[in-house]
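Student: I would like the atomic coordinates for the input below:
(one chain, ligands or ions: 2)
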Amino acid sequence: MPSTNKQFRTKLRAMDRQELNKLDMLNYSRDQRRMIDQERVRRRRAETEDPSVAALASSMSALQMDSDSSSRPANQSGFNSGGNSGGTGSGGSRSSGSSAGAPERWYLFPEHHSMVAEQVENIVFKSSIGTGAHEYTTNLTGSFKCSNPNCKKRWATGIMATVIRGYKQQGGQLGYSAQVYSQRCIKCDSLGRMNLDVDVYVERVARRLLIWKGELEPIRRPKEKREMPPHIDELCEGCREGNCPGYKD
Ligand SMILES: [Zn+2]
Ligand SMILES: [Zn+2]
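Tutor: Ligands and ions are numbered 1, 2, ... in the order given. Model prediction:
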């Protein structure tokens, strides 16, 4: 690693949490953004694990430099569960993911199934993100509002990372789910509250299910040119999971 990167990382370690979260990602290079993100994630992990560690994190950050891998709680390392029962969705936690509850890293939308089912016959919604017979990564559109009551930042996105999965069912039905990933606030790094463009959700999910059922030919459509702010992968929960069409490397 070039020494300028090393210096930058050392600077980040020395910052207190507020200072770190206030950094504007747009002002930094890709390498630097990655380091900022790593440092934010490291502090969040420390906080999740033990509140007393979080209190110490800013003053003792230099001493914890190599503790990342050993201090990672199991539920932060990815989604290993084959499904999460009952509800709108959940990221690392088990809450229902309604707009009133804690913001989640991703959501499922069983409430939109009836609209998808109007366009595709013989399908059933599954509250699962487990590996299925089919998997397709795409993007939906919508907007977010920062969940931090002291921030209130809003942003729109044309790249809301989404993984549609298909599951074989008995009786020839096609089971499916669509996991829609949240994004983080560029100002304070809190998770956003998602406002999904439901029409686009229904259209893209239905389309994919029809293709999987052999009822629609996949055609490549020209990419729509839209005026959207750049997609910052460090703030996208889909990019973090390697499930985002906006990810550039
Ligand atoms: Zn914010
Ligand atoms: Zn992304």
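Student: quick one: Lys187 from ligand 1, how far?
Tutor: Using CB to the ion, to the nearest Å, Lys187 is found at 4 Å from ligand 1. Backbone N, C-alpha and C define where each C-beta goes, glycine included.
Student: that residue is in contact with Cys146, isn't it?
Tutor: Yes. Using CB atoms under 8 Å, Lys187 is in contact with Cys146, at 7.1 Å.
Student: counting neighbours, go ahead and name the busier of the two.
Tutor: When Lys187 and Cys146 are compared for neighbours, Cys146 comes out ahead with 23 against 17, by other CB atoms under 10 Å.
Student: strand partners (parallel or antiparallel) of the longest strand along the chain?
Tutor: Longest strand in the chain by number of residues, with DSSP state E as the criterion: strand 154-168. Strand pairing for strand 154-168, determined by DSSP bridges: strand 134-146 (antiparallel), strand 174-181 (antiparallel).
Student: quick one: buried residues of it?
Tutor: 155, 157-167 (16 or more other CB atoms under 10 Å).
Student: same thing with stretch 191-204?
Tutor: By neighbour count on 16+ other CB under 10 Å, the buried set for stretch 191-204 is 191-194, 196-197, 200-202, 204.
Student: would you mind listing what in this protein touches ligand 2?
Tutor: Taking CB under 5 Å from the ion as the criterion, the chain approaches ligand 2 at residues 161, 236, 238-239, 244, 246.
Student: beyond the element among helices and strands of the chain having the smallest mean pLDDT, next helix or strand please.
Tutor: Lowest mean confidence among the helices and strands of the chain (mean pLDDT, DSSP states H and E): helix 68-71, at a mean of 35. Next in sequence after helix 68-71, counting helices and strands by DSSP states H and E, comes strand 106-107.
Student: just how off-centre is that following strand within its chain?
Tutor: Relative to the chain's own centre, strand 106-107 is displaced by 7 Å; criterion: CA atoms, centre = their mean, to the nearest Å.
Student: from here on, call the first residue 9.
Tutor: With the count now opening at 9, the last piece we talked about shows up as strand 114-115.
Student: which strands border that strand, and is each parallel or antiparallel?
Tutor: Its sheet considered, strand 114-115 pairs with strand 182-189 (antiparallel) by DSSP bridges.
Student: which one of the buried residues of stretch 199-212 is nearest Thr139?
Tutor: Lowest distance from Thr139 to the buried residues of stretch 199-212 (CB to CB) belongs to Arg212, with 20.5 Å.
Student: show me the contacts for that closest one.
Tutor: Arg212 is in contact with 146, 148, 170, 172, counting by CB atoms under 8 Å, 6 or more residues apart in numbering.
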